[in-house]
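> Okay, here's the prediction I keep looking at, along with the sequence it came from:
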Amino acid sequence: MPTIKADLELCQGYANCVMEAPKYFDINDEGVVVVLKEKFGEEDRARVETAVRSCPVTALQIEE
Ligand code: SF4
């Protein structure tokens, strides 16, 4: 199952990913992304890929 990886050092808290896929991403009190669910199924792939692509600092990746 594909896995979401977040680079917390790169994340600037823009929250684009949260807007695209709130089931998978949130922002903590420090303004850093929290991955709520690391694994996703094919039914959510398009949504997760859009969220990953929406990150302006490329802090998100999908590991197949
Ligand atoms: S879009 Fe990128 S920079 Fe913004 S919160 Fe998500 S991971 Fe962090």
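Ah, there it is.
> Without its sequence neighbours, what residue ends up closest to residue 12?
Take residue 12 and drop its neighbours on the chain: the residue closest to it by C-beta to C-beta, 6 or more residues apart in numbering is residue 57, 5.4 Å away. From N, CA and C alone the C-beta is placed, and that goes for glycine too.
> so what's the one you found up against?
For residue 57, the contact set (C-beta atoms under 8 Å, 6 or more residues apart in numbering) comprises 10, 11, 12, 14.
> Contact partners for the first one?
Neighbour list for residue 10: 57, 58, 59 [criterion: C-beta under 8 Å, 6+ apart].
> Of those, which is the nearest to the ligand?
The nearest member of those to the ligand, counting by C-beta to the nearest ligand atom, is residue 59 at 4.0 Å.
> Without its sequence neighbours, what residue ends up closest to that closest one?
residue 10 (3.8 Å).
> and the one you found, that's in a helix?
No - if the criterion is DSSP: H, G, I helix; E, B strand; the rest coil, then residue 10 is coil and not within a helix.
> distance of it from the ligand?
Between residue 10 and the ligand the distance is 7 Å, computed by C-beta to the nearest ligand atom, to the nearest Å.
> returning to that earlier point: check which helix or strand the residue nearest to residue 12 maps to.
Here residue 57 sits in a region with no helix or strand, counting by DSSP states H and E.
> so what's the backbone phi/psi at the residue nearest to residue 16 when sequence neighbours are not counted?
Excluding the flanking residues, the one nearest residue 16 by C-beta to C-beta, 6+ apart is residue 54, at 4.0 Å. The phi and psi values for residue 54, taken as degrees, to the nearest 10, are phi -80, psi -10.
> from the contacts of residue 10, which is closest to residue 20?
Among those, residue 59 lies closest to residue 20 (C-beta to C-beta), at 13.5 Å.
> Can you verify my assumption that the closest one contacts residue 5?
No - the criterion here is C-beta atoms under 8 Å, and residue 59 misses it with residue 5 at 9.3 Å.
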